[in-house]
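Student: Take a look and give me a structure for this.
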Amino acid sequence: MRKRKRKIVELKETNSNEDVLLKQIKNVSEGLYYTSETDAEITPFVGKYSKAVTKEEILRQTENLPDQPIEERNFADIFERLTKTQDWFGEEETATAAKFAALKELLEKNLKDLKVFKIGRIELDVYFVGLNAESVLMGIKTKAVET
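Tutor: Sure thing, here's the model as predicted:
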């Protein structure tokens, strides 16, 4: 009787932590809009492995030209405007600020070296990104108009 060799099949393991975080970002950011001279939807962003969160890296991973205008902003400063409640806020504005606070907390808890990058002129692509536990660039993206 001839013995058959068993073929061992290795399944590529997906990064379930990344998937879980992506779903959480999607849920928390659902219905949120970034307000500039226009309102733009906020959506999750997942890039690729990166050694650091830099202007060059975000340009490369978003397939922008290396000479594209890019501005780096402080993550906490940008979120301050989005999470601060005002005396005149109604229920809707207060709920929106609370959702932005929850999004900020989620990103801070799960990503390191958080930064904001604004790419372009006038009509900007805006990325709020950091590195996850596996050094993958993640966060949120939106658009802004600044004249």
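Student: tell me which residues in stretch 60-70 are buried?
Tutor: Buried residues in stretch 60-70, counted by 16 or more other C-beta atoms under 10 Å: 60-62, 64, 70. (Each C-beta comes from the backbone N, C-alpha and C, glycine too.)
Student: Can you list the neighbours in contact with that stretch?
Tutor: 47-48, 50, 55-56, 58-59, 117-121, 125, 127, 137 (C-beta atoms under 8 Å, 6 or more residues apart in numbering).
Student: Just the buried subset of those, please.
Tutor: For the contacts of stretch 60-70, buried by 16+ other C-beta under 10 Å: 47, 50, 58-59, 117-120, 125, 127, 137.
Student: Helices - which of the residues you listed land there?
Tutor: 58-59 (DSSP state H).
Student: from the buried ones among the contacts of stretch 60-70, which is closest to Leu111?
Tutor: Leu137 (9.0 Å; C-beta to C-beta).
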